[in-house]
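S.K.: have a look at this prediction, sequence included:
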Amino acid sequence: MPSLEEIKTIKKAQWYWAHRRQFHYLFIGVLLILDLVLFGIYFVQDNRYANSDSFEKINASLVKERIDYLFFHELLGPQDLIVNQESVIRSGENYDFLALVENPNPNWQVKEIQYFFDYGSGQTDTGVTFILPDSEKYLYYTSLSEENASFPSLSSVGLVISDIFWQRIREEKDFALLSENPLLAFKYSDLRLERVAEQNQRVTQLAFQLENPTVYNFWEVPLIIVPYQGSQPMALGILPVRYLKTQEKRTIEYLWPYILPSTSRVDIRPDLNILDPSVFIPQD
């Protein structure tokens with residue numbers, strides 16, 4: 001026989017089982033009433049907040065520009081070019097203009113730069129060129145005819161950059177090429193700068209040995225040649241060297257059709273865009 005406690009437990013279970021559906025409906029009803037109460041509180045508070053000044057202030061702050069795009073552009077974008085030198089050179093009856101410009105950005109190439117020289121009473125034609133990352137380059141204008149005895153003076157000459165187009169370096173092969181930069185491996189030896197007679201005219205001749213110790217063949221390597229007297233450039237020469245092969249050593253000569261004053265050094269720089277694959281002769 002079951003005990004009295006067991007009989008009470010069985011009766012409670014039977015009663016709960018008989019009324020289980022009513023308990024289910026009661027639970028749902030309580031949840032609905034609680035949802036209605038919470039919704040009513042939210043509706044009242046939201047309506048009160050929407051009519052307050054705080055809503056207008058926060059709403060205005062949400063549409064306000066929060067990101068300083070100019071800051072990130074300056075942080076991640078290229079640094080400005082640095083003009084290290086500006087010069088005007090008397091070359092016989094003409095003038096040459098010269099500027100040494102530095103691109104301090106290792107990850108940005110100047111894909112195209114448009115520039116001219118302002119000399120007070122006028123300006124030169126516009127030149128267009130490139131500047132490799134993390135490098136210095138001569139920008140120049142040659143053979144501007146003399147107009148009067150006072151034209152031009154160094155103080156009146158200035159480089160003006162009219163337009164510039166940057167290109168970020170992203171390709172691994174470009175980074176690899178820049179890191180070894182074959183142009184920096186070129187060797188210039190046995191430099192001789194002499195005054196000689198050429199067809200009954202006194203001229204200045206530069207001769208030197210150019211060596212390409214790299215593994216690259218080049219269709220053409222333009223050389224920019226600038227003799228210096230101290231820190232002052234005395235002349236400007238542009239000489240294209242065609243078909244420069246790997247491991248080739250070649251004697252190069254250049255003539256200025258006038259007599260140069262004494263010089264202390266000669267700066268020779270190749271002016272070639274190694275990020276342009278078309279400058280290389282394909283390997284056999």
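M.R.: Okay, I see it. Since we're looking at a predicted model, the values are computed, not measured.

S.K.: for Leu183, helix, strand, or coil?
M.R.: In the three-state summary, Leu183 is assigned as helix, counting by DSSP: H, G, I helix; E, B strand; the rest coil.

S.K.: not counting sequence-adjacent ones, nearest residue to it?
M.R.: Excluding the flanking residues, the one nearest Leu183 by Cβ to Cβ, 6 or more residues apart in numbering is Pro270, at 4.6 Å. Just so you know, the C-beta spots here come from the backbone N, C-alpha and C atoms, and that holds for glycine as well.

S.K.: Val83: neighbour count?
M.R.: 14 (other Cβ atoms under 10 Å).

S.K.: and it, that's in a strand?
M.R.: Yes. Counting by three-state DSSP, one finds Val83 located in a strand.

S.K.: what residues are up against it?
M.R.: Contact criterion Cβ atoms under 8 Å, 6 or more residues apart in numbering gives Ala99, Leu100, Val101, Glu102, Leu159 as the residues in contact with Val83.

S.K.: look up phi and psi at the residue nearest to Leu183.
M.R.: As for Pro270, its main-chain torsions (degrees, to the nearest 10) stand at phi -70, psi 140.

S.K.: wait, doesn't it sit right on Lys187?
M.R.: No. Using Cβ atoms under 8 Å, Pro270 makes no contact with Lys187, being 11.6 Å away.

S.K.: more neighbours: which of those two?
M.R.: Each of Pro270 and Lys187 had its neighbours counted (other Cβ under 10 Å), and the higher figure belongs to Pro270 (18 against 11).

S.K.: narrow the contacts of Val83 to those in helices?
M.R.: In helices, defined here by DSSP state H, there are no members of those.

S.K.: could you list which of those belong to strands?
M.R.: With DSSP state E as the criterion, strands contain Ala99, Leu100, Val101, Glu102, Leu159 from among the contacts of Val83.

S.K.: now the two most distant members of the residues you listed.
M.R.: Maximum pairwise distance in the ones in strands among the contacts of Val83, criterion Cβ to Cβ, is 12.4 Å, between Glu102 and Leu159.

S.K.: neighbour count winner among those two?
M.R.: In terms of neighbours (other Cβ under 10 Å), Leu159 is the more surrounded of Glu102 and Leu159; the figures are 20 against 16.

S.K.: report the contact partners of that one.
M.R.: If a contact means Cβ under 8 Å, 6+ apart, then Leu159 has Val83, Glu86, Ala99, Val101, Tyr115, Phe117, Leu139 as its contacts.

S.K.: show me just the buried residues among those residues.
M.R.: Glu86, Ala99, Val101, Tyr115, Phe117, Leu139 (16 or more other Cβ atoms under 10 Å).
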